[in-house]
Every structure is written in structure tokens, then in C-alpha cells.
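**Student:** I'll drop the sequence and a predicted model, then ask my questions.
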Amino acid sequence: MAEMLLKLEKKSPIKVCLGAVSCETVQKLIDELQLVGVELRKNEQRISDLEADIKELRIYSLELEQENKLLKKELEKEKANVRLLQKMLFARGTEKQVEQRSGAEKREEVEYEETESGYVVKTTKRGAKNGHKGHGRKIPDNLPVKEEIIDLPEDKKCCEICGKPLKDTGLYEVSSEISVKKVYYIKKKKRKIYKKTCDCDKCHTLMKAPQSPKLIPKGKFSIEFWVELLINKYMNHLPVTRQISDMKSYGIEVSSGTITGGLQFIYSNYVIALYNALIIELRKTKHLHADETGYYIFQEVEGKKNYNWYMWGFVCKSVILFVLDPTRSAKVLYQTLFNMTPDDIEKLTKNKPVDANNSEPVYIVNADKYSSYKALQNQGLIVIAYCWAHQKREFEDALTKYPQDQELKPWVEIWITKISLLYDVNDERIKHTKDSYDFNQYHNKLIDILDWMEKEIEKQQYTHPAQIEIMTSMKQHWSGLTLFVQHPEIPMDNNPCERALRPIVLGINNYWGNCSIWGGQLLAAMHSIIQTCLLHRISPRSYLIYYFEECTKRNSAHDENEIDLFLPHKLSEEIKQKLKIPETEVLDDT
């Protein structure tokens, strides 16, 4: 624009003044044109600035758009986690697969009946149908019998017409019912006293029968009383305060301090020795299950800011063991399975093995994908057989997280069906002897299913975050997931340990936790003893009475060399028969 004005000024003939015409008008025009040029230059600068601002805004808009996409993904992820937590809190507490049937299949099972107006759905009442045999009204023959005579009232023992007395025939119409009566009673012990009939000076004149041993010296409660208390607390999940309240209804008033002191004495003098023997027995196995769950100890511990503890569970063929610890770290596994001291653990974690000659893994452990187990596997101490129930749960959780995703649903359902089929084929496989014809037939079917799974895992086209997460996890843990293939004796899942931990979880619902560390340790020990008994079909109540009676004979628990013989699975067959849980039948009162 400035150049154009300059050219105009040079070429303009108005520069020649004619004298008659004033130059003021021309000068004003030139001044205005110069002002216009200045404004144009300013506008050009503004346009340049605006274009730069627009460019920055576009870049900022793209950044916001990307951030918005990320936030939407994060929001969807958090919503998915909320749906998963809601399922954990409020959904049915079962992992049994619900059979999915089409509408046609369901319609085929509906019964119809023909009426005058046409066909209608046939309605049936719930419960047993006519002609159903059922279990019968059988009374068990393993219970004691207490007879009760029911007689006619005195005014009915005569003829209703003439009034003559009725004659007793000695006959009865007999019927039976199962009843219960809870009784607290005083066991009065009378020690017989004998008097000598000789003249010997070196012997006592009177001889008394020896005093029967007590579980707690000078205590006023019997072994049966303490066993009932322990069974109600740790097997029936009845808190001590409720038991004390129940005792009051039977006329017995016992202070909580008396019960607490007694339990502490029993734990330190009798139970802990048996518990330590269970730990030693666990270390002798080659295969075990391991899992952990949260627990509460309401006692302040230095360096710990909360009351959250953990109950570790271990299950093998011979024993079930629980270990209470304030942490969920791998040190619990090092200490429990290998009896390592903190110094040993420190050396091992710094790549300085305690025993360099131990190159082969010591244990095969059925477990989940928690990092503490992997720490021991990285050290070559264990091999983890990952749980297929947990793996199946990951697919189910994907549906819970993204219920509206119609593309994800069929993919998940295919995988759940394949995992269920894998269970079915393996269940049939392990029924037969290894390398037999039938075993090999099912083994080949198993390999076919796993080959399909492995090909699906290796695919690269997954875009959904749930698919990517699950497939990546399966790829990383595939060797542990397929360990059961070459080791048929290894189960596919960790359900035995989860079932073992369930009573402790149920107990938390009743008494939350413990107010002392020793109380939590007693709980771990008692659950270990009780569930080990149940594992071998031994009555925990009968076993504890037997064990305490044997301990009182020597006024202490048995030493390390003897205690091993008192483990439930090492008792003699004769004692096992006496302590076994009686066979029962399902009773029907319909």
C-alpha cells in the first residue's frame, strides 16, 4: 500500500501548481491516503496476530480433545470398577455358571394342557409331587434314646358310658421324634479313701485315689467346658460375649476376664505346640494351595497406622494351616514354607541364595497372580500353578464392567464356555490312569482346547481395554495356567484354599476381628486344628477332648518328638475310629 501511494505521488500531475487551483484539497487527500496506509498496516498486523492466535487455539483444542478422550476412558474405567465393586458387595456369593439357554429351548420345557378354549400353560405346585419317594421319615439310630410315657388322664381311665375302669393292656403305640436338651451340670468327683490293715510304720494310714488332672491348675471348669467354648467360638462363629450371655440363661455367671485368661493359658500351654507341629508338617509336602484374606486386629502396633492384618491360608493333602500377619508381603511365605529368618530373607532378596545347591523348586503352589508368590518363583523356590477360577472371573468381571458393550459380550461368553469345557475335559481325564487309552483321548481334547486359546491370545487385533488387559495377562501367565496339563495331579484352580478361608470370613461377620495379637494367633491355630480334623473326617470336638486329656496326663503339651503322633492324620486307626464324625443321613419331616 505504501509503495502504491509513492507511485501515485510521483505520477500525479497535480504536483504542477496552476496557481488558480488551491493545493489544499490535494494535500488533504494525500494525508488521508497515508492514514489509510497506516491503518492497513495495523490491520495486517492484527490479522497476522489473529492467525497466530487461531493456530494456538487449534492446537489447544486438539489437546483438549485428546484430554477429553482420555478422561472419558478414565471415567468409563472408574464406572467399570464401581460396577465390579457393587457386584462384589451385593451380588450372589457364588461362581457357579448359570446355564444360558435360548428362548426356544426354554419353550420346549414348558408343559401345556388342552382345554375347551385351547392350549394353556400347565401350572404345577412347588415341592415334591405325588408319588415322589423322598428321603422318608427315618429316625437315625446313632442317637441315644430317652423314653417318655404318655398316659391317659385319671378321669379318662373309665368307660364313657357305664363308668367301669379300663384295664391296662401293657401295650404301647410308639412314635419317635428328634429332640435336644442343653445342660450345664456339676461334675462331683469323689476320690475313694482306703485305710491300711497292716502295722507297717513307713506307709500312710489312709490312701486316696489320685486326683484327676485338670486342664488349668485349680480351675473350676472341665475339659468339656473349654472344648465347648472353643468349638462354639471357632467352628460355630459364636462370640465369647454371646456365649457368656447364653450361660446366664442357664444360671451360670462367668466373667469375660475368666474366659479370656483361660483361653490365653490354653493357647500358650497346649494349642501352640500342636499348631507348630502343623507348620512343620506343611513343609514336608511338595504341592500346596495358598491364598490370603483381610483380617482385623484392634491393637496398636508401632509403625502400623491401621488395624488391617491378613490371614494367610495353606492347604495340602495332610493339613490345613492359617497364618496371621500384619502384612501381605512375601516374607510370610518365606517364613512359613522355608522357616527363614529376616536375615536369610534379606540375603535371598539381594540375589544371595541361602542354599545355592537347591536349584529345583521346592513346591508347586496353586495360587492367584499376586506378586508375593511371584517373588518366590523368581528365586526358584516355587512354581506357581495359576488358578483357572480366577482367570474365568476376569472374563466375568469384564462383562460386569462393561454391561452395555454388545461386541464384548459374545467374545466373553465364548471364552467362559471354553474354560468350562476345559474343566469338564480335565475332570474326565484325571478319572483314568495316566498314559491309558482313555486318559490319552481326553488329553488330546484338552490340548486342542488349549491350542485354540493360545492362538486367540496371540492375535493382535484386540482394541477394547478389557480384551487387551485379559489377553496380556494370560500371555504372561500361560506357562503357569497350563502346568496342570503335564501334572494331572495338580488341580486347575485354588478352590480348596478359598473354601478353607471361608469360615474365617464368616467369623469376621460375627466378631469383626480380635482385640489382641495373641487372640488372633489363637484363632489362626484353632481354625488350623479344626479344619485339619474335618479334612480327615475327625470330629473336632472329640479330637480336642482327646488331645487335652492326653496333655493333662503329663501336665503339659507333648514335646517336639511326641507331638507329631497327635496330628489328626497320624493317629492310630483305632483312635481315628473313636473320634471320627458319625455317618449321617438326610432327614425329611415332610
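**Tutor:** Received the coordinates, thanks.

**Student:** now do the helices in the stretch 351-500 of the chain.
**Tutor:** In the stretch 351-500 of the chain, the helices defined using DSSP state H, counting those that start in this stretch lie at 371-378, 388-401, 408-429, 437-458, 465-476, 478-481, 483-486, 495-511.

**Student:** what about Asp427, distance to Lys304?
**Tutor:** Remark: distance between Asp427 and Lys304 (C-beta to C-beta, to the nearest Å) = 44 Å. All C-beta spots, glycine's among them, are computed from the backbone N, C-alpha and C.

**Student:** output the helix or strand hosting Lys347 as PDB, nothing but the C-alphas.
**Tutor:** Lys347 belongs to helix 342-349 when assigned by DSSP states H and E. Written as PDB, here are the backbone C-alpha positions of helix 342-349 (Å, rounded to 0.1, in the frame of the first residue of the first chain):
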ATOM      1  CA  PRO A 342      14.700 -61.900  58.400                       C
ATOM      2  CA  ASP A 343      18.500 -62.100  57.700                       C
ATOM      3  CA  ASP A 344      18.000 -65.100  55.400                       C
ATOM      4  CA  ILE A 345      15.200 -63.300  53.500                       C
ATOM      5  CA  GLU A 346      17.400 -60.200  53.100                       C
ATOM      6  CA  LYS A 347      20.300 -62.300  51.700                       C
ATOM      7  CA  LEU A 348      18.000 -64.100  49.300                       C
ATOM      8  CA  THR A 349      16.300 -60.900  48.000                       C
END
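
**Student:** report the buried residues of that helix.
**Tutor:** Neighbour-count burial for helix 342-349 flags Asp344, Ile345, Leu348 (criterion: 16 or more other C-beta atoms under 10 Å).

**Student:** cool, stretch 543-557 as well?
**Tutor:** Buried residues in stretch 543-557, counting neighbours by 16+ other C-beta under 10 Å, are found at Tyr543, Leu544, Ile545, Tyr546, Tyr547, Phe548, Cys551, Thr552, Ala557.

**Student:** list the contacts for the fourth one?
**Tutor:** Put plainly, it is Tyr546. Ile575, Lys578, Leu579 (C-beta atoms under 8 Å, 6 or more residues apart in numbering).

**Student:** sec struct for it, please.
**Tutor:** helix (DSSP: H, G, I helix; E, B strand; the rest coil).

**Student:** how close does it get to Leu579?
**Tutor:** Between Tyr546 and Leu579 the distance is 6 Å, computed by C-beta to C-beta.

**Student:** for Tyr543, same thing?
**Tutor:** Distance of Tyr543 to Leu579, given as C-beta to C-beta: 5 Å.

**Student:** quick revisit: out of the helices of the stretch 351-500 of the chain, which gets nearest to Gln264?
**Tutor:** Closest to Gln264 of the helices of the stretch 351-500 of the chain, according to C-beta to C-beta: helix 495-511, at 16.9 Å.

**Student:** counting contacts, what elements does the closest one pack onto?
**Tutor:** For helix 495-511, the elements it packs on are strand 287-296, strand 308-315, strand 320-325, helix 517-535, judged by 3 or more C-beta pairs under 8 Å, 6 or more residues apart in numbering; DSSP states H and E.

**Student:** got TSV for these, with distance to Glu489 too?
**Tutor:** Listed next are these as TSV, based on distance: least, C-beta to C-beta, whole Å:
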stretch	distance to Glu489
strand 287-296	7
strand 308-315	15
strand 320-325	18
helix 517-535	17
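
**Student:** and the strands in the chain?
**Tutor:** Counting by DSSP state E, the chain forms strands over residues 112-115, 118-121, 193-195, 206-208, 287-296, 308-315, 320-325, 363-367, 382-386, given from the N-terminal end onward.

**Student:** lowest average confidence across the ones you listed, which one?
**Tutor:** In terms of mean pLDDT, the lowest-scoring of these is strand 118-121 (a mean of 47).

**Student:** next, count neighbours for Lys164.
**Tutor:** Other residues near Lys164 number 8, with proximity taken as other C-beta atoms under 10 Å.

**Student:** that one against Lys157, yeah?
**Tutor:** No. With contact defined as C-beta atoms under 8 Å, Lys164 does not reach Lys157; the gap is 10.3 Å.
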